[in-house]
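Q: okay, predicted coordinates and the sequence, questions at the end:
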Amino acid sequence: MKIGILTYHRAHNYGAMLQAYALRRVLRDMQHDVDFIDYWPKEHQEQYALIRPLRGQSLGKRIIAFLAGTLTLAKRYRRIRHFERFASQHLCVPTSVQYTHQEQTIKEQYDCVVVGSDQIWRNKESNGKHIGFDPVYFGQNLPEHTRCISYAASMGIIDLHEHDLATLQQYLNRFDTILVRENSLKTLINQLNLPAEVVLDPTLLLTQEAWNALLPTTPYRTKQYVLYYELLPSPSALAFAREQAHAMQCDLLVMDAVIHTIPRSGHISAASPIEFLHAIRDAKYIVATSFHGTAFSVIFEKQFITIGLHANADRVKTLLKHLHIEDHYQPTPTIASTIDYATVTPLLAAMRQQSLQRLTAAIHSKSNSNYPTA
């Protein structure tokens with residue numbers, strides 16, 4: 001079957017690019033012919049550009065932003081090169097973007113299009129202006145006869161205006177099957193009288209062995225280390241990671257999910273997706289403020305704690321509850337129990353099998369009532 005994927009496949013973000021890789025890999029392992037539908041609008045291109053346009057700011061703020069940007073120019077260039085190289089080698093993404101506007105019709109012919117994962121259904125605001133949903137990520141630009149399903153789609157934090165609900169219901173009627181990433185989105189869609197089920201993030205569909213196949217066999221560092229992976233800034237999480245490193249007589253390795261405007265001494269902020277995975281695989285202990293930091297800690301069977309996600313905590317808490325290690329998410333740092341992966345890994349394998357069954361059924365079914373439910 002010829003399948004197209006609509007997702008944030010060009011984002012210079014570890015979770016976004018690795019979930020895109022995982023979903024493509026899973027579908028290819030199912031013997032499908034798989035491509036990314038290369039839609040990447042101008043706003044996304046600008047977000048990850050080496051020189052970003054400065055709009056909607058006062059002259060003074062633009063000057064400050066420009067001067068601050070020059071301090072991180074070399075790091076941003078290296079990071080861009082790392083992500084573009086990974087996309088070219090492992091996602092087979094072309095150099096030039098094919099679709100950049102919401103008005104463009106998707107020309108390729110697919111038997112089925114899989115929309116997801118990531119926060120593709122985000123209800124956007126920009127400079128205080130309500131933009132709303134991007135119809136492309138709801139299959140609105142596909143030929144009418146093309147079957148459309150979602151897999152692990154997300155809105156992130158759900159913040160809907162009243163008039164958005166009718167638009168959302170209209171858009172979701174385009175889908176034969178709706179599989180989402182968080183319980184909160186499933187509840188919302190069910191309230192619109194549409195069926196939806198929660199499935200694993202694509203990164204969790206691949207086994208530890210599959211991810212290891214991408215990585216060097218040599219250790220990431222010669223000396224043992226505690227890894228602090230920061231997506232959401234948290235001084236208390238950093239302090240806890242430092243305490244853990246001291247207690248374990250390890251180095252502390254700090255890896256940032258983004259490059260901060262003001263350079264941070266000793267932080268790794270321009271790592272490639274491969275280096276990100278490599279650092280997680282070989283860490284003695286992990287402190288994370290990120291879902292994908294959590295997901296890969298579980299995949300590589302690491303001792304870890306996830307801290308302080310606040311309104312973004314739903315999918316971490318859902319995953320860890322299913323794995324019976326919910327105490328490894330903490331709003332504020334505390335010592336958690338030792339994880340027994342002899343128990344956890346079989347639970348993850350069962351969840352993986354169920355999600356794969358739902359994905360397979362969705363691809364081959366023409367009714368959203370036909371896929372298996374829990």
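A: The structure has been received and is ready for your questions.
Q: the protein: helices as residue ranges?
A: Using DSSP state H, the helices found in the chain span residues 14-29, 42-47, 59-71, 73-90, 164-172, 183-191, 208-212, 235-247, 273-282, 291-299, 314-322, 341-364.
Q: contacts for the second one, please.
A: Counting contacts by Cβ atoms under 8 Å, 6 or more residues apart in numbering, the residues outside helix 42-47 that touch it are 8, 10, 11, 52, 53, 97, 100, 101, 126. Where you see a C-beta, it was placed from the backbone N, CA and C, and this is true even at glycine.
Q: just the CA trace of that helix, in PDB.
A: Written as PDB, here are the backbone C-alpha positions of helix 42-47 (Å, rounded to 0.1, in the frame of the first residue of the first chain):
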ATOM      1  CA  LYS A  42       6.800  29.400   6.000                       C
ATOM      2  CA  GLU A  43       6.200  30.000   9.700                       C
ATOM      3  CA  HIS A  44       7.900  26.700  10.500                       C
ATOM      4  CA  GLN A  45      10.800  27.400   8.200                       C
ATOM      5  CA  GLU A  46      11.400  30.800   9.900                       C
ATOM      6  CA  GLN A  47      11.300  29.100  13.300                       C
END
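Q: quick one: average pLDDT of that helix?
A: For helix 42-47, mean pLDDT is 90.
Q: what's the domain layout of the protein?
A: Residue ranges of the domains in the chain are recorded as 2-205+353-364, 208-338, according to automatic domain parsing.
Q: mean neighbour count and distance to residue 344 added to those domains, as CSV?
A: Shown next, in CSV, are those (neighbours: other Cβ atoms under 10 Å; distance: least, Cβ to Cβ, whole Å):
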stretch, mean neighbour count, distance to residue 344
domain 2-205+353-364, 17, 12
domain 208-338, 18, 5
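Q: which residues of the stretch 1-150 of the chain score low on pLDDT?
A: Using pLDDT under 70 as the threshold, the predicted model of the stretch 1-150 of the chain has low-confidence ranges 54-57, 62, 64-66, 68-69, 125-131.
Q: can you give me the distance of the nearest residue to residue 98 once chain neighbours are set aside to residue 100?
A: In space, residue 98 comes closest to residue 38 once its chain neighbours are excluded; the distance is 4.0 Å by Cβ to Cβ, 6 or more residues apart in numbering. Residue 38 sits at a distance of 9 Å from residue 100 (criterion: Cβ to Cβ, to the nearest Å).
Q: then residue 320?
A: The separation that residue 320 has from residue 100, given Cβ to Cβ, amounts to 38 Å.
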